[in-house]
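Q: Provide a 3D model corresponding to the input given below.
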Amino acid sequence: MKHGKKYNESAKLIEAGKFYDAAEALEIAVKTGTAKFDETVEIHVRLGVDSRHADQQVRGAVVLPNGTGKDVRVLVLTKGDKADAAKAAGAEFVGAEELVAKIQNENWLDFDVVIATPDMMGLVGRLGKVLGPRGLMPTPKAGTVTPDVAKAVTEAKAGKIEYRLDKTNIIHCPIGKVSFGPEKLQENFDALMGAIIKAKPAATKGQYIKSCVLATTMGPGVKLNVAKFGA
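A: Alright, predicted model coming up:
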């Protein structure tokens, strides 16, 4: 694959075959974020688990201390008093059957997070094929199926992100923007890695964190020294 001039310039900052500490890797990542827009910094963590087994699933949510740098559009599926609470907390879209129909019939997806009250799950189930593949399906484990919709909306707006394994046992997550600088990115990184380590399944054998790579939207990956995580 051929890369552009900026990518190749950024790649020169990374020593081939070297595994970096998180602080150093974040400083390099910030330097490689040279695009005309504020690039997102992401981490890609490969775990020593097998996601095909139910007892080796790794999934959860964490509020990043400094947010994600992204304006999050929240959809809440609920009724009555809960709907009022969701609106008051700042949810962009609040409703029930009419919003489910809009998603089903119009393939409407102008939102980033879906929150639902438990009584709505029969209705929400109809959206599994649309929301599931996009990682938008509400779940109790991620705190997006809850009677306390106001708290869930507030957390989503504050930078709560969900982490989950893909089919190749890798977690891909944003930890902020290049403009945050290394210190704020480090705080977000520590919060996310701490949550992933805490979520280690009891059935895991051998090394839990196999590899971790940090990269900006347009930049090259920086490999991290996973021995430092002690997992």
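
Q: then the strand or helix carrying residue 99 to PDB, C-alphas only?
A: Residue 99 is part of helix 97-106, with elements assigned from DSSP states H and E. Provided in PDB are the C-alpha atoms of helix 97-106 (Å, rounded to 0.1, in the frame of the first residue of the first chain):
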ATOM      1  CA  GLU A  97     -42.600   3.400  18.400                       C
ATOM      2  CA  GLU A  98     -42.300   6.300  16.000                       C
ATOM      3  CA  LEU A  99     -38.500   6.400  16.200                       C
ATOM      4  CA  VAL A 100     -38.200   2.700  15.800                       C
ATOM      5  CA  ALA A 101     -40.300   2.900  12.700                       C
ATOM      6  CA  LYS A 102     -38.200   5.700  11.400                       C
ATOM      7  CA  ILE A 103     -35.000   3.600  11.800                       C
ATOM      8  CA  GLN A 104     -36.700   0.600  10.200                       C
ATOM      9  CA  ASN A 105     -38.400   2.200   7.300                       C
ATOM     10  CA  GLU A 106     -36.000   5.100   6.500                       C
END
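
Q: distance between that helix and the chain's centre?
A: When distances are taken as Cα atoms, centre = their mean, to the nearest Å, helix 97-106 is centred 25 Å away from the chain's centroid.

Q: ok, residues contacting the very next helix or strand once past that helix?
A: Next along the chain after helix 97-106, taking DSSP H and E as the criterion, comes strand 113-116. Contact partners of strand 113-116, identified using Cβ atoms under 8 Å, 6 or more residues apart in numbering, comprise 72-78, 86, 91, 124, 131, 136-138, 144-146, 149, 152-153, 156. Placement of C-beta: from N, CA and C, glycine included.
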